[in-house]
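Student: Have a look at this prediction, sequence included:
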Amino acid sequence: MQVVYEAKAMKDLKSIDAVARKAILSKIVQYAAAPDGFANNVKRLQGSAFYRLRVGDYRVIFSLDGDLTVIMTIIRVRHRREAYE
């Protein structure tokens, strides 16, 4: 699975402390390599085409596109209290 970051997601990541950012990036890479292992942490958002990956207090909002080669587009990375606004 290929991972693409939108500009807002990159800005969100820069504003997060280094320890949390490292954990978030690690989880994104792990999910891209083996999506079946994250059944509890990934859910489709109601009324939306997006998914969320839970990483501690942070939520990674992303979309999945493509048929043969799946592209994971990271839309936002926000704290859980701000993620669903």
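Tutor: Ah, there it is. Residues are numbered from 1 along each chain as shown.
Student: buried sites along the helix ranked longest in the chain?
Tutor: Longest helix in the chain by number of residues, with DSSP state H as the criterion: helix 18-33. For helix 18-33, the neighbour count (16 or more other Cβ atoms under 10 Å) marks 20-21, 24-25, 27-28, 31 as buried. Just so you know, the C-beta spots here come from the backbone N, C-alpha and C atoms, and that holds for glycine as well.
Student: How is R52 assigned, secondary-structure-wise?
Tutor: For R52, the assignment made with DSSP: H, G, I helix; E, B strand; the rest coil gives strand.
Student: What's opposite the closest residue to D65 other than its chain neighbours in the beta bridge?
Tutor: Once flanking residues are discounted, D65 sits nearest to I71: 4.8 Å by Cβ to Cβ, 6 or more residues apart in numbering. On the basis of DSSP bridges, I71 is bridged to Q2, D65.
Student: I'd assumed M1 was in contact with I71.
Tutor: Yes - counting by Cβ atoms under 8 Å, I71 touches M1, with 7.4 Å between them.
Student: So which residue is smack in the middle of this protein?
Tutor: Most central in the chain under Cα atoms, centre = their mean is V60, positioned 3.0 Å from the mean C-alpha point.
Student: mind checking how far the residue nearest to D65 is from V55?
Tutor: I71 sits 20 Å away from V55, taking Cβ to Cβ, to the nearest Å as the criterion.
Student: So for these two, which sits in the more crowded spot?
Tutor: Shown here are I71 and V55; by other Cβ atoms under 10 Å, V55 has more neighbours (19 against 14).
Student: dump the residue contacts of that one.
Tutor: By Cβ atoms under 8 Å, 6 or more residues apart in numbering, the contact set of V55 is 20, 23-24, 27, 41.
Student: let's see it at 6 Å
Tutor: With contact set as Cβ atoms under 6 Å, 6 or more residues apart in numbering, V55 has these partners: 23-24, 27.
Student: any idea which of these is closest to D36?
Tutor: Proximity of the contacts of V55 to D36 (Cβ to Cβ) peaks at K27, which lies at 14.5 Å.
Student: Dig out what the nearest residue to the closest one once chain neighbours are set aside forms beta bridges with.
Tutor: Using Cβ to Cβ, 6+ apart and skipping the chain neighbours, the partner closest in space to K27 is V55 (4.6 Å). Beta bridges link V55 to Y58, judged by DSSP bridges.
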